[in-house]
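>>> Give me coordinates for this.
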Amino acid sequence: MALTPFHVAIPVRHLEESRAFYRDVLRCSEGRSSDCWVDFNLYGHQLVIHHDPTIGEEGKVRLHHNSVDSHSVPVPHIGVVLEMADWEALSAWLKENGVTFVIEPYVRFKGEPGEQATMFFYDPSGNALEFKSFKDIEAQLFET
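Residues are numbered from 1 along each chain as shown. Got it, this is the predicted structure:
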């Protein structure tokens, strides 16, 4: 089966605040929108932000954390597996633009099967985002 784009919809506390984050910080192009949702192209995948008034104007989505490689990984989280050059460019761009990382960019499982570069940060509503990369995505993505 050919790899196809995923579609994911997430809640946000304020549509315009989140629109600016995904457009300007993550540099996603905008697609369709309404008064309560906006489509974005997230590296070829469809990300939709939906206004959720129950979060509150200053609130954050509720997350859980699990330990992975001695780090506290937020759950749920979404993200994209990138080619290493794209991951490195995104990491540098985010650092240059003052994004606060939950987990700073680093290589986890170093020297083990599934070694990967990863980073975690939050959008303004507290949605956890992970971007990762492998030296050889096809060979390493599901390596045990």
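
>>> residues of the longest helix anywhere in the chain that come out buried?
Longest helix of the chain, by residue count under DSSP state H: helix 84-96. By 16 or more other CB atoms under 10 Å, the buried positions in helix 84-96 come out as Trp87, Leu90, Ser91, Leu94. Bear in mind the C-beta positions are built from the backbone N, C-alpha and C, glycine included.

>>> And stretch 28-37, by the same measure?
For stretch 28-37, a neighbour-count test (16+ other CB under 10 Å) marks Cys28 as buried.

>>> who are the neighbours in contact with the residue nearest in space to the middle of the chain?
The residue lying closest to the centre of the chain (CA atoms, centre = their mean) is Leu129, at 2.7 Å. The neighbourhood of Leu129, defined by CB atoms under 8 Å, 6 or more residues apart in numbering, consists of His77, Ile78, Gly79, Phe120, Phe121, Tyr122, Asp123.

>>> rerun that using 7 Å as the cut-off
For Leu129, the contact set (CB atoms under 7 Å, 6 or more residues apart in numbering) comprises His77, Ile78, Gly79, Phe120, Phe121, Asp123.

>>> helix/strand/coil for it?
The three-state assignment at Leu129 reads strand, by DSSP: H, G, I helix; E, B strand; the rest coil.

>>> tell me the mean pLDDT for stretch 113-125?
In this model, stretch 113-125 has a mean pLDDT of 95.

>>> List the buried residues in that stretch.
Gln116, Ala117, Thr118, Met119, Phe120, Phe121, Tyr122, Asp123, Ser125.
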